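Enquirer: Give me the fold of what follows.
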Amino acid sequence: MNKILSFLLLSMAATIVHAQSASEPADIIDLDRIVAVVNNDVIVASELQRRVREVRKSLRDAGTPPPSSAALARQVLERLILERLQLQIADSNGIRVSDNDLNQAIENIAKRNKLSLRQFRDVLERDGVDFAGFREQIRKEMLLTRVRQRSVASKVTVTPREIDNYLATIAQQGGSGSEYHIGHILVAVPEAASSEQISAARDKADSILQRLNNGEDFAQLAATDSDGQQALKGGDLGWRKANELPTLFSDVVPKLKLGEISAPIRSPSGFHIIKLLDIRSDSRYVIKQTKARHILIRTNELINDAEAKTRLNQLKTRIENGEDFAELARSHSDDTTSATHGGDLGWLNPGDTVPLFENKMKQLAPGEVSAPFKSQFGWHIVQVLKRRDFDDTEKVRRAKAANKIRKRKSDEEVQSWLRQLRDEAYVELRLDDE
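Expert: The predicted model follows:
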């Protein structure tokens, strides 16, 4: 059925070209050759060529010499096949990315680059990047993330015991909390692989290792020969602690010297070669906390903005004349949760309150009461009681540990899920067809 579909697609395209050339003999339209059939969809040569150009530019910008055109095309085509399979799942399950979500994501990218949206767009266009095409690429990446989240990542859980074990292992390793920047090459083997397939994969991994030992560039070889998801980024897995890597990696990485490359490591997914690119140490996390209290007056059909502001100004005057802030908060504040505690908000971390409220607190000296101001919750006066530097390292360490365990599990599940997705799909490669 899939072969019949692809034949019909080719026949229809050929018919269109023939009809066009018959009616307008001066115009010749080249047929966009199919390079792969993926279930009921196709990948055409122009799409592959465009993505190859993008990847080659990305590799060069990163200082990685691009592999040969044929090797890069094969690698990129495999990524396009996996991408197409995931987009098919998104389509069949009604997974979408709204324009609002997309706009917010692009604004966040611009902010991370310390640019306004207009400046960011100008920079892209100055670099020859079509903004409309960039938007759709970001939409596609968000869509792929949502598919993986729904299919795999949402099913991954991290227990407190796993976090405890993770941190205990770090302590047993000396408590340094070192992080490792890892390069990775994977020579994959299919599920239920034959002994011949396993032997061929092992030989390929040994050959890659020999080439690396002879001085070939790790990132370039990863881009050419790795089956890992980060292959087209030079195999860069980023910064990770030993315990966020699969067990077979965490046993090897701490023993590697800077720049050293491991022997091939066998796992159910294939043979892995890793390189230690860099090492860095963990640090303490000290934050500035503020102890504050407030009185809130909400507006309604009986109390408008002017009335709320006037009442708070009167309360502020009474406080400055010596009346107790806590008693007035209990009697007048509409924030019932804090009012029972005299308006006390406890020790606040950066980001615990809305930005407007936090900015008002930053402007106050300890003991000072603010002028009335309006937030989305109503009108406030706030008093800063104390400030302190608080070592939040333990909480941050546990949060980071949970995130890294979750990421490790998700990466492993996604790799397995993608391999299964590829094995179960109907895929016909035509890259070498003339």
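Enquirer: Find the centremost residue of the protein, please.
Expert: residue 145 (8.1 Å; CA atoms, centre = their mean).
Enquirer: can you pull the buried residues of whichever helix or strand it is part of?
Expert: If you go by DSSP states H and E, residue 145 is part of helix 131-151. Buried residues in helix 131-151, counting neighbours by 16 or more other CB atoms under 10 Å, are found at 134, 135, 138, 139, 142, 143, 144, 146, 147, 148, 151. (Glycine included, C-beta is placed from N, CA and C.)
Enquirer: pLDDT and distance to residue 62 added to these, as a markdown table?
Expert: Conversion of the buried residues of helix 131-151 to a markdown table gives the following (pLDDT from 0 to 100; distance: CB to CB, whole Å):
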| residue | pLDDT | distance to residue 62 |
| --- | --- | --- |
| 134 | 91 | 19 |
| 135 | 92 | 23 |
| 138 | 93 | 20 |
| 139 | 93 | 24 |
| 142 | 94 | 23 |
| 143 | 93 | 25 |
| 144 | 93 | 21 |
| 146 | 93 | 27 |
| 147 | 93 | 27 |
| 148 | 91 | 24 |
| 151 | 88 | 30 |
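Enquirer: Going along the chain, name the strands of the stretch 51-200 of the chain.
Expert: Counting by DSSP state E, counting those that start in this stretch, residue ranges of the strands within the stretch 51-200 of the chain are 179-188.
Enquirer: Which parts of it are helices?
Expert: In the stretch 51-200 of the chain, the helices defined using DSSP state H, counting those that start in this stretch lie at 69-92, 99-112, 117-126, 131-151, 160-172, 195-213.
Enquirer: now for the shortest one, which elements pack on it?
Expert: In this case it means helix 117-126. Here helix 117-126 touches helix 99-112, helix 131-151, going by 3 or more CB pairs under 8 Å, 6 or more residues apart in numbering; DSSP states H and E.
Enquirer: which stretch among those comes nearest residue 346?
Expert: Closest of the helices and strands packed on helix 117-126 to residue 346 is helix 99-112, at 30.1 Å (criterion: CB to CB).
Enquirer: quick check: angle from that closest one to helix 117-126?
Expert: Put simply, helix 99-112 runs at 80 degrees to helix 117-126, going by axes from the mean of the first three to the mean of the last three CA atoms, to 10 degrees.
Enquirer: State the mean pLDDT of helix 99-112.
Expert: For helix 99-112, the mean pLDDT works out to 92.
Enquirer: And what about the closest residue to residue 428 other than its chain neighbours, helix, strand or coil?
Expert: Sequence neighbours aside, residue 37 is the residue nearest to residue 428 in space, at 4.1 Å (criterion: CB to CB, 6 or more residues apart in numbering). Applying DSSP: H, G, I helix; E, B strand; the rest coil to residue 37 yields a three-state assignment of strand.
Enquirer: Give me the neighbour count for residue 37.
Expert: Residues near residue 37, counting by other CB atoms under 10 Å, number 21.
Enquirer: Residue 115 versus that one, what's the distance?
Expert: Distance of residue 37 to residue 115, given as CB to CB, to the nearest Å: 41 Å.
Enquirer: again, but for residue 355
Expert: Applying CB to CB, the value for residue 355 to residue 115 is 20 Å.
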